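Student: Here is a sequence together with a model predicted from it:
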Amino acid sequence: MSDLAGVALLEDPKQNFGTAFTQKEREEKGLIGLLPPTMEKLEDQVKRCLFQLSKKNNDLEQYIYLTQLADDNRTLFYAVIATDPARFLKIVYDPTVGTACLEFGHIYRKPNGMYVSYDQRGKLKEVLKNWPVEDVRVICVSTGGRILGLGDLGANGMGIPIGKLQLYTACAAVHPDVLLPVLLDCGTDNEKLLADPLYLGLKQKRPTTDDLDAFVQEFVDAVLDRFPKCCIHFEDWKGADAIRLLARYVNQISCYNDDIQGTGSVTVAGLYNAMKIAKSNLKDQRVLFLGAGSAGIGIANMIVSAMKLEGLSEKEAQARISLFDLNGLLEPSRKDITPEQQKYVHDGEKPAKDLSEAIKALKPTVLIGVSTVKGTFTQQVIETMTQLNDRPVIFALSNPTDHAECTAEEAYKFSQGKAIYAAGVQFDPVDLNGKTLVPSQANNFYVFPAVGMAIVATEAKHVPDEIFIAAARAVADQVTEEQLDKGMLFPPQASVQATSHVTAVKSAQRIFELGLARIPKPDSVDKHVTMLEYKAEYPS
Ligand SMILES: O=C([O-])CC(=O)C(=O)O
Ligand SMILES: [Mg+2]
């Protein structure tokens, strides 16, 4: 039982049970008179929260309410989320977390994690000592350099590490005590924020790449010094930084980049199921990306890994993928190709500025949008895909909602219901010619919380793409025939906890198979994961 008492106990979100403290606890802990006399159960408290939430008239207000609830009583916060994950995922996470990040300096209440800032360089080991928990197992860290499809939001990006780690617990039951959100504040190039008197981050421009990399190295060293078993989850960094730093650290320490590997994994999961619907194989697809940043490269690389498992060579797999960005098709005459993009630039390809033209020339079977630009999958683009394919696969992954390349309704309508569609956010079902089509949300929340649990459960020393392929397979295989028939490529969000458990177990098994665990393999990986799972309950 808690060593805190009285008001201090009520102010500790981990140990505060509010009106659910029993008479005995109230007497022993000096709480008599500090609470209303009625003693409630967790279910009663949940009902009151749901009532209060029903009075909030927009999603941002609900986000603010839930943030305060988490600061007040953590158990109750997770119990509320568990009543309806599908409803609350879109509040504590994408898309509402995007609105929250835009407003973060304005709606700020409490830090809820660590702000490690550029002006503390040279002292990061000292800084990390200020975190009160000794055995942190996952840090989710962002520079705010590229928040969702919203660009550089600087320290306002803190909403993302907080929200991502809340999903570790809400989806995969990772114990919240072992999770630490970090905003690595290196300034921002966002002039609007720099001019905002309520902005909370460092009011300076971002450092050079070399200076950033030196700062990140100091941060990595400080993390390993303070938390030797910790995995570093990189999230929402500027694309080039994300790719470069993942390449540097992926085989060196326990780390992964969710925007690269998690997004790649969930997209491959969606493609595995799209192949079941289209009665085809991944290795036979031709894939065109709109957007050639970290998400596009991450997904492309993951598709290559998945095609290799189906028997293609690396070169053969890469030849099946092309990239198209703001400046048109990435082809040999372009002068602005980065080394990571180069493998998807193919001899003989001609310049193309118009996406429909590129589609006619390349005849892709799969079109993936990671452009952050709304409406770029026009009627013409969707119709061209439909002329070329019986079942065109169209994934409009940019988020939040008003950044999607096309809506579910547009994809289904312009393809006469033939498109196999997924988006980065959840769109409502669409009625077309007497059939209800259920669009999927190809969002990395199906993957990163479960992989996070697998990492915690195995103390993985590295987190290579193989683990994310195993997670993709696990997610895909949990969709039933009946769900596939409605166009669903992912398991229902209502059962995300059960889905994440299975995905975590399969991912952990893969970590053991690859020899990447730092603990001996338990007799039952399933039981081992179950034992670690956090329950949003008061001790009885
Ligand atoms: O957070 C999300 O919904 C997906 C994601 O990682 C991103 O867009 O950066
Ligand atoms: Mg992200």
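Tutor: Good, I have the coordinates. Numbering: from 1, shown residues only. Ligands and ions are numbered 1, 2, ... in the order given.
Student: Indicate the residue of this protein located nearest to ligand 1.
Tutor: Nearest residue of the chain to ligand 1, counting by CB to the nearest ligand atom: residue 94, 3.2 Å away. Where you see a C-beta, it was placed from the backbone N, CA and C, and this is true even at glycine.
Student: which residue sits closest to that residue in space, ignoring its chain neighbours?
Tutor: Ranked by CB to CB, 6 or more residues apart in numbering and with sequence neighbours excluded, the top spatial neighbour of residue 94 is residue 399, at 5.4 Å.
Student: Am I right that the one you found is in contact with residue 426?
Tutor: No - the pair residue 399 / residue 426 is not scored as a contact, 10.1 Å apart, by CB atoms under 8 Å.
Student: So if I had to pick from the two, which one is more boxed in?
Tutor: residue 399 (21 against 17; other CB atoms under 10 Å).
Student: Give me the pLDDT for that one.
Tutor: As summarised for this prediction, residue 399 has a pLDDT of 91.
Student: So for this structure, the centremost residue is which one?
Tutor: Closest residue to the average C-alpha location of the chain: residue 444 at 4.4 Å, with CA atoms, centre = their mean.
Student: Nearest spatial neighbour of that one, chain-adjacent residues omitted?
Tutor: Once flanking residues are discounted, residue 444 sits nearest to residue 262: 3.7 Å by CB to CB, 6+ apart.
Student: quick one: contacts for the nearest residue to residue 432 once chain neighbours are set aside?
Tutor: Counting by CB to CB, 6+ apart, residue 432 lies nearest to residue 417, which is 4.8 Å off, once chain neighbours are set aside. Residue 417 makes contacts with 432-433, 435, 437, as judged by CB atoms under 8 Å, 6 or more residues apart in numbering.
Student: Same question for residue 44.
Tutor: Counting by CB under 8 Å, 6+ apart, residue 44 has contacts 19-20.
Student: any idea how far it lies from residue 18?
Tutor: The spacing between residue 44 and residue 18, counted by CB to CB, to the nearest Å, is 10 Å.
Student: try residue 102
Tutor: Distance of residue 102 to residue 18, computed by CB to CB: 32 Å.
Student: if you count what's nearby, which of those two comes out ahead?
Tutor: Neighbour count, other CB under 10 Å: between residue 102 and residue 18, residue 102 has more, with 20 against 17.
Student: Count the residues that sit near the nearest residue to residue 347 once chain neighbours are set aside.
Tutor: Excluding its sequence neighbours, the residue lying closest to residue 347 (CB to CB, 6+ apart) is residue 332, at 6.3 Å. Neighbours of residue 332 under the rule other CB under 10 Å: 13.
Student: Output the longest strand belonging to this structure.
Tutor: The longest strand of the chain (DSSP state E) is strand 179-185.
Student: near ligand 2 at all, stretch 260-276?
Tutor: No - using CB under 5 Å from the ion, stretch 260-276 stays clear of ligand 2, with a minimum separation of 7.4 Å.
Student: per-residue confidence averaged over that stretch?
Tutor: 97.
Student: centre of the chain versus that stretch, how much separation?
Tutor: Distance, stretch centre to chain centre, for stretch 260-276: 14 Å (CA atoms, centre = their mean, to the nearest Å).
Student: who's in contact with the residue nearest to the centre of the chain?
Tutor: Taking CB under 8 Å, 6+ apart, we find residue 444 in contact with 258-259, 262-263, 265-266.
Student: Need the phi and psi values for residue 306.
Tutor: Here is the backbone geometry of residue 306 (degrees, to the nearest 10): phi -70, psi -40.
Student: which residues of the stretch 201-350 of the chain fall in helices?
Tutor: 209-226, 239-249, 263-278, 294-309, 314-319, 339-342 (DSSP state H, counting those that start in this stretch).
Student: deepest of those helices, which one?
Tutor: Comparing the helices of the stretch 201-350 of the chain by mean neighbour count (mean count of other CB atoms under 10 Å), helix 263-278 ranks first with a mean of 26.
Student: Run the chain-centre distance for that helix.
Tutor: 17 Å.
Student: Next: stretch 336-343.
Tutor: Here the centre of stretch 336-343 is set off from its chain's centre by 25 Å, with CA atoms, centre = their mean.
Student: try stretch 203-210
Tutor: 26 Å.
Student: and what of stretch 523-531?
Tutor: Mean-position distance between stretch 523-531 and its chain equals 25 Å (CA atoms, centre = their mean).
Student: Stretch 80-100 now?
Tutor: Distance, centroid of stretch 80-100 to centroid of chain: 13 Å (CA atoms, centre = their mean).
Student: circling back: could the contacts of residue 444 go into CSV alongside distance to residue 81?
Tutor: Supplementary listing: the contacts of residue 444 in CSV, determined by distance: CB to CB, whole Å:
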residue, distance to residue 81
258, 20
259, 23
262, 20
263, 23
265, 23
266, 20
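Student: Good, we can wrap up now.
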